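In: build me a structure from this.
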Amino acid sequence: MANITPFKGVRYNPAKIKDLSKVVAPPYDVISEKEQDELYRMNQHNIVRMLLGKDLRGDDDKENKYTRAGRYLKAWQQKGVLNKDAQASVYINLQEFKLEGKTRRRIGFIALLKLEKFDTKTSSVYPHENTLTAPKEDRAKLIHAVEANLGPVFAIYEDRDRSISSILKNEMKAKPLADISDNHGVRNKLWQVSDKKIIEKLCGSMKNKKIFIADGHHRYEVGLAFSQFKKGPQYGYILTYFTDLLGDGLAVLPYHRLIGGLDEAALIALENNLKKNFIVKPLKSKKDIKSFLEKAAQSEARLVVYARKKPIGLVFKDKKDLDVTIAKNLIIEPLQKIFIDFTKDLDYAIREVNKDKFSFAILVNPVKITEIRDVAFGGNRMPQKSTYFYPKVLTGLVINVF
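Out: Down below sits the predicted model:
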């Protein structure tokens, strides 16, 4: 079902780039303006200059961040900063990270995935979130300018018999091509697998898999549209990182909502309206917030609204939707003239509300990975920013140039 293939990856040349950690970057959609500046300063060849270039004064249709990205890619290949591997390969990526005081390891591999239209009857690739027009327009301009996949889509499969895990772990006994720590303290190791028999075995094991997209919905849809526009066989695949649903290192963090634009009267009305749909439980401290959320029974949704420097616990009984969907339908949608932001950082959410940058925050539990799978395979989609898979897959370890 899932059609994957090896490819001749384009990688930074270690003879030219002595420290790979200075030229890689997180996915474009989690890079803040501050981090963008930091990545620009790190190295003149940091991939952020292509992935998320800066707008400059005087930019127009002929000269802009997208056209500059295209020139950078060509120039860096011509100068030997980026080199294409001689053999079609699959690349294994191990990420070691700390979460809640524990060290965890996530093993994945990078290959090309055949692009398919989303169809629950015929497709092997399933989305789980809705997409927006603006990010797709942005990524479309970039892919037309560079004719490459700079960063991978993040996809998940189930390795019930551990056959794929066995292949990957055996190949990881060799010395890695790269061993670096990124700006967020995540250690990344990369191996290249070019043995045709091993690749054939891996690709064969994936053929009976259904996969769902964790991150990269916009890039996938743009890649599909681009392949239909260009119509060459090399355009029919997209760079993808695959990891196992059953692996120990797969982590999903909560994605809290920050809501702005309400005055004091609207906040009072909001608090009164909550009592119509939820069992309301006043809380006292941040410690209470975490404890309250963690005690959610399987049959109920638990949310916390933090407003006017006080947390309010909400319980919704007999839930049939995801917590984030309940928050969207019963709290956010009835409001008017608001603006929304998202964060995985509970402390940041509270701090921003206390600074009056936002009217209130909706604090949530993380969506369970099995819930995401069931939504995707059921042909449904979650609200935007429902999930935050951690850690993110680095951009720049290996890219796919058409």
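In: could you use CA atoms for every contact and neighbour count after this?
Out: OK.
In: okay, now the unreliable bits of the stretch 151-300 of the chain?
Out: The model of the stretch 151-300 of the chain has no residue with pLDDT under 70.
In: now do the helix or strand hosting residue 92: everything it contacts.
Out: Using DSSP states H and E, residue 92 sits in strand 90-99. The contact list for strand 90-99 (Cα atoms under 8 Å, 6 or more residues apart in numbering) reads 6-7, 103-111, 168, 172, 185-194, 199, 391.
In: can you pull out the helices in the chain?
Out: Ranges of helices within the chain are 33-42, 48-51, 65-78, 133-146, 163-171, 196-206, 217-230, 264-277, 286-294, 323-327, 346-354, 369-377, based on DSSP state H.
In: report the residue ranges of every domain in this structure.
Out: 4-251+388-401, 256-365 (automatic domain parsing).
In: out of these, which comes closest to residue 375?
Out: domain 4-251+388-401 (6.3 Å; Cα to Cα).
In: and that closest one, how far out from the chain's middle?
Out: 11 Å (Cα atoms, centre = their mean, to the nearest Å).
In: what about that domain, how long is it end to end?
Out: 16 Å (Cα to Cα, to the nearest Å).
In: picking that back up, among the contacts of strand 90-99, which ones are buried?
Out: The neighbour count (16 or more other Cα atoms under 10 Å) marks 6-7, 105-111, 168, 172, 186-194, 199, 391 as buried among those.
In: hang on, the earlier thing: now the helices of the chain in a markdown table, please, with extra columns for distance to residue 27.
Out: Below are the helices of the chain laid out as a markdown table (distance: least, Cα to Cα, whole Å):
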| stretch | distance to residue 27 |
| --- | --- |
| helix 33-42 | 11 |
| helix 48-51 | 8 |
| helix 65-78 | 16 |
| helix 133-146 | 12 |
| helix 163-171 | 24 |
| helix 196-206 | 25 |
| helix 217-230 | 11 |
| helix 264-277 | 35 |
| helix 286-294 | 29 |
| helix 323-327 | 23 |
| helix 346-354 | 21 |
| helix 369-377 | 21 |
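In: mind listing residues that contact stretch 254-261?
Out: 337-346, 349, 353, 357-367, 385-388.
In: I meant to write stretch 172-182 there.
Out: Contacts with stretch 172-182, where a contact means Cα under 8 Å, 6+ apart, come from 20-21, 24, 92, 187-192.
In: list the buried residues of it.
Out: Neighbour counts over stretch 172-182 (16+ other Cα under 10 Å) mark 172, 176, 178-182 as buried.
In: ok so, going back, return the strand holding residue 92 as CSV; C-alpha atoms alone will do.
Out: Taking Å, rounded to 0.1, in the frame of the first residue of the first chain, the C-alpha atoms of strand 90-99 are listed here in CSV:
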residue,chain,number,x,y,z
VAL,A,90,17.5,5.3,2.7
TYR,A,91,18.6,7.4,5.7
ILE,A,92,18.0,6.3,9.3
ASN,A,93,17.6,9.1,11.9
LEU,A,94,17.8,8.5,15.6
GLN,A,95,16.7,11.3,17.9
GLU,A,96,17.6,11.3,21.6
PHE,A,97,15.8,13.8,23.9
LYS,A,98,14.6,14.4,27.4
LEU,A,99,11.0,14.8,28.2
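In: now do the buried residues in it.
Out: Result for strand 90-99 [16+ other Cα under 10 Å]: buried residues 90-97.
In: ok, stretch 57-73 next?
Out: Buried residues in stretch 57-73, counting neighbours by 16+ other Cα under 10 Å, are found at 64-70, 72-73.
In: please name the residues that touch residue 317.
Out: Residue 317 is in contact with 278, 299-301, counting by Cα under 8 Å, 6+ apart.
In: so which of the residues you listed is the closest to residue 206?
Out: For the contacts of residue 317, the nearest to residue 206 is residue 299 (34.4 Å; Cα to Cα).
In: how deep is the nearest residue in space to the closest one that is not next to it in sequence tucked in, by neighbour count?
Out: Closest residue in space to residue 299, ignoring its immediate chain neighbours: residue 318 at 5.3 Å, by Cα to Cα, 6 or more residues apart in numbering. As a burial measure, residue 318 scores 11 neighbours (other Cα atoms under 10 Å).
In: ok, residue 128 next?
Out: 26.
In: roughly how far does it sit from residue 371?
Out: 10 Å.
In: residue 382 now?
Out: Relative to residue 371, and taking Cα to Cα, residue 382 is found at 10 Å.
In: out of those two, which sits in the more crowded spot?
Out: residue 382 (18 against 13).
In: so the more buried one makes contact with residue 214?
Out: No. Applying Cα atoms under 8 Å as the test, residue 382 and residue 214 come out as separate, 11.6 Å apart.
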